[in-house]
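In: need a 3D model of the following:
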Amino acid sequence: MLNKIVLSMATIRMFSGTLEIMAALLMLRLNQIDKALVVNSSLALVGPLVLISTTTIGLVGLSDKLSFGKMLWIVGGVACILIGALKK
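Out: So this is what the prediction gives:
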């Protein structure tokens, strides 16, 4: 039987991947650089949200096994990834 936490994380990732494929097909259908860039930019918002949500679900699932200090390290690491990815 699948763990509910793992199933939730995998479902969010599958949704994200499906959204990426649909966006790529939409770019091909639109066949214009400016419109494809708008579609691509909208995906830039989805990526960090998926990362945050899957990490949060995973941390909630591990909350009874991790110390508070280790959780802070993980949250700090995710924050560093987001800052590095979103800063221009």
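In: leaving out sequence neighbours, find the closest residue to the residue sitting nearest the centre point of the chain.
Out: By Cα atoms, centre = their mean, the chain has its centre lying nearest to residue 50, at 2.2 Å. In space, and not counting its chain neighbours, residue 50 is closest to residue 16: 4.4 Å by Cβ to Cβ, 6 or more residues apart in numbering. To be clear about C-beta, it is placed using only N, CA and C from the backbone, and glycine gets the same treatment.
In: test my guess that that neighbour contacts residue 43.
Out: No. Taking contacts as Cβ atoms under 8 Å, residue 16 lies outside contact range of residue 43: 9.3 Å.
In: those two: which has the busier surroundings?
Out: Between residue 16 and residue 43, counting by other Cβ atoms under 10 Å, residue 16 is the more crowded of the two (17 against 14).
In: buried residues in the helix or strand hosting that one?
Out: Assigned by DSSP states H and E, residue 16 falls within helix 4-30. Neighbour-count burial for helix 4-30 flags 8-9, 12, 16, 23, 27 (criterion: 16 or more other Cβ atoms under 10 Å).
In: which strands and helices sit next to it?
Out: The contact analysis (3 or more Cβ pairs under 8 Å, 6 or more residues apart in numbering; DSSP states H and E) places helix 4-30 against helix 33-62.
In: skip ahead from the helix it packs on and say which helix or strand is next.
Out: helix 68-86.
In: can you list contacts of that following helix?
Out: 47-48, 51-52, 55, 59, 63, 66 (Cβ atoms under 8 Å, 6 or more residues apart in numbering).
In: dump the residues you listed to TSV, plus distance to residue 87.
Out: Converted to TSV, the contacts of helix 68-86 look like this (distance: Cβ to Cβ, whole Å):
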residue	distance to residue 87
47	15
48	12
51	15
52	16
55	19
59	24
63	29
66	28
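In: can you go through those and name the buried ones?
Out: 51, 55, 59.
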